[in-house]
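Visitor: Pasted the sequence and its predicted model underneath.
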Amino acid sequence: MNLSRFKYIIHLIISLINLGCILTSKTFEYKYENPIYSEITYKNITISVNYSESYKNFSRNKITFQGIFKDGFGIERGYIFIKPQAEEIVKNLFITELKNSGFTITNLPSNDNPEIEIQVNQMFIEPEVGFFVIDAIAVIDINIFVHFKNKSFKRRFKAVGEATIVFQPDYFYQLALDRSMKNLALKTIPEVISLIQNEQKDF
């Protein structure tokens with residue numbers, strides 16, 4: 001058996017295993033849970049967390065989606081829809097992690113408190129078809145603005161999450177998204193907290 005025929009058979013097997021789960025579009029509901037930062041060290045600091053609705057989802061044939069399914073041959077088989085919207089997901093990440101670190105969170109901006117503004121540039125999930133396996137890849141790209149009374153700071157962060165699809169592809173797409181969000185928390189939360197600490201004199 002030559003290499004190309006062997007590769008074809010492998011992809012056919014993978015495709016048949018996953019076929020029943022990826023012929024139609026799916027909607028995933030995601031909530032950020034199990035915060036990484038748990039040491040309560042920032043009591044008596046109130047901040048607000050909000051977002052700007054500037055994110056544009058991917059669209060095709062008037063269908064707006066946040067990801068795509070592919071079979072073992074790399075052929076698209078459906079769309080992924082994520083609920084709630086990307087901005088709400090990231091906002092919940094910040095609220096969960098900052099509350100767990102001891103901050104008091106309010107939805108009402110005030111000159112007396114720092115404000116975190118979230119701007120989502122991209123949130124997308126898709127498979128990467130390899131020789132033997134298919135990996136689910138989730139990418140999140142955001143801008144973070146931290147506003148104080150007399151100044152503002154902007155930072156851009158990008159995080160990726162991966163999960164090798166073994167069975168039940170739906171689960172691994174959601175796992176990839178969760179891993180990307182945990183990686184985003186690792187990158188953003190320490191820097192945001194550091195900014196707030198350094199600028200406490202402004203509020």
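Guide: That came in fine, so what should we check first?

Visitor: A138 reaches P127, doesn't it?
Guide: No. Counting by C-beta atoms under 8 Å, P127 is not a contact partner of A138; they are 10.5 Å apart. Glycine gets a C-beta too; all of them are placed from N, C-alpha and C.

Visitor: tell me, what's touching those two both at once?
Guide: Taking C-beta atoms under 8 Å, 6 or more residues apart in numbering as the contact rule, A138 and P127 touch no residue in common.

Visitor: distance between the helix ranked longest in the chain and the chain's centre?
Guide: With DSSP state H setting the assignment, residue counts place helix 169-198 as the longest helix in the chain. Taking the mean of its C-alpha atoms, helix 169-198 sits 7 Å from the chain's own mean (C-alpha atoms, centre = their mean, to the nearest Å).

Visitor: just so I have it, where are all the strands in this protein?
Guide: Along the chain, the segments classed as strands by DSSP state E run 26-29, 46-51, 58-60, 63-65, 67-70, 76-83, 104-106, 115-129, 134-147, 152-165.

Visitor: ok, N111 touching H147?
Guide: No. Counting by C-beta under 8 Å, N111 stays clear of H147, with 9.4 Å between them.

Visitor: Compare the two and say which is more crowded by neighbours.
Guide: When neighbours are counted by other C-beta atoms under 10 Å, H147 comes out ahead of the other of N111 and H147, with 20 against 11.

Visitor: Next, count neighbours for E115.
Guide: So E115, with other C-beta under 10 Å, has 20 neighbours.

Visitor: and stretch 163-178, average pLDDT?
Guide: Stretch 163-178 shows an average pLDDT of 83 in the prediction.

Visitor: How far off centre is that stretch?
Guide: Shown here is stretch 163-178, whose average C-alpha point lies 14 Å from the average C-alpha point of the whole chain (C-alpha atoms, centre = their mean).

Visitor: who touches it?
Guide: The set of residues that contact stretch 163-178 without belonging to it, under C-beta under 8 Å, 6+ apart, is 17-18, 21-22, 26, 28, 30, 32, 67, 69, 80, 82, 125, 127, 133-138, 161-162, 179.

Visitor: thinking again about what came up before, is it possible to export the strands of the chain to a markdown table including distance to E199?
Guide: Listed next are those as a markdown table, based on distance: least, C-beta to C-beta, whole Å:
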| stretch | distance to E199 |
| --- | --- |
| strand 26-29 | 36 |
| strand 46-51 | 11 |
| strand 58-60 | 36 |
| strand 63-65 | 38 |
| strand 67-70 | 37 |
| strand 76-83 | 33 |
| strand 104-106 | 17 |
| strand 115-129 | 12 |
| strand 134-147 | 8 |
| strand 152-165 | 8 |
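
Visitor: Surely A86 is in contact with V120?
Guide: Yes. With contact defined as C-beta under 8 Å, A86 reaches V120; the gap is 4.5 Å.

Visitor: Many thanks, I have nothing further to ask.
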